[in-house]
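# okay, sequence plus prediction incoming.
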Amino acid sequence: MNEEIIARAEKILAEREIFEHGCGECCVLALIDNDGFPTAATISPAKIEGIKRVAFCSGISSNWVKRAEKCNRASVCFNSEEKQYNITLVGTIEVLTDIETKKEMWFNGLGYYYKGPEDPNFCVLQFVTQRYSLMLNEHDSNGSARGTI
């Protein structure tokens with residue numbers, strides 16, 4: 001049963017990434033702030049690998065990066081306004097600045113903020129899931145699953 005729910009959740013996530021569709025829908029990324037409190041804000045995912053990994057593009061001087069460098073614990077939540085699904089992932093996040101990753105993640109919309117993948121202010125935040133909570137309410141098919149990766 002979990003495998004079926006995971007497959008349905010991964011299909012939903014595949015429809016949300018920027019690369020596939022030109023613009024990504026927002027999700028919520030929660031990180032620990034400088035005072036030790038969880039802080040959540042919306043961000044568009046750049047690349048999603050099922051429920052296992054989510055990559056975001058950011059600036060090296062952003063609060064996202066500062067928080068991730070201080071504490072790598074994070075959570076990502078995807079949900080729909082129509083309450084059709086809630087996909088919550090909990091894990092770790094790291095800041096990637098290697099040119100290969102930056103080139104892989106680059107898309108034209110980033111040109112508004114950065115000069116190119118070589119821009120020293122451009123970086124990638126890579127989230128890796130350790131556990132998940134999935135609630136799907138699609139059409140006549142409802143389901144939920146919790147587990148670890």
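Received, thanks. Residues are numbered from 1 along each chain as shown.

# okay, which residue is most central for the chain?
Geometric centre of the chain, nearest residue: Val54, 3.9 Å, by CA atoms, centre = their mean.

# tell me the pLDDT of that residue.
Predicted confidence (pLDDT) at Val54: the value is 95.

# likewise for Cys23?
Predicted confidence (pLDDT) for Cys23: 54.

# ditto for Glu17
Taking Glu17 on its own, its pLDDT is 63.

# same question for Leu110.
pLDDT, read off for Leu110, is 89.

# for Phe107, same thing?
85.

# same check, this time on Lys103
Model confidence at Lys103, given as pLDDT, is 95.

# can you list contacts of the host helix or strand of Ser58?
Assessed by DSSP states H and E, Ser58 sits inside strand 53-59. With contacts defined as CB atoms under 8 Å, 6 or more residues apart in numbering, strand 53-59 is touched by 27, 29, 43-48, 64-65, 76, 89, 105, 110, 113-114, 121-129. C-beta: built from backbone N, CA, C; applies to glycine.

# Gln93 should be in a strand, yeah?
You called it Gln, but residue 93 is Ile. Yes - counting by DSSP: H, G, I helix; E, B strand; the rest coil, Ile93 is found in a strand.
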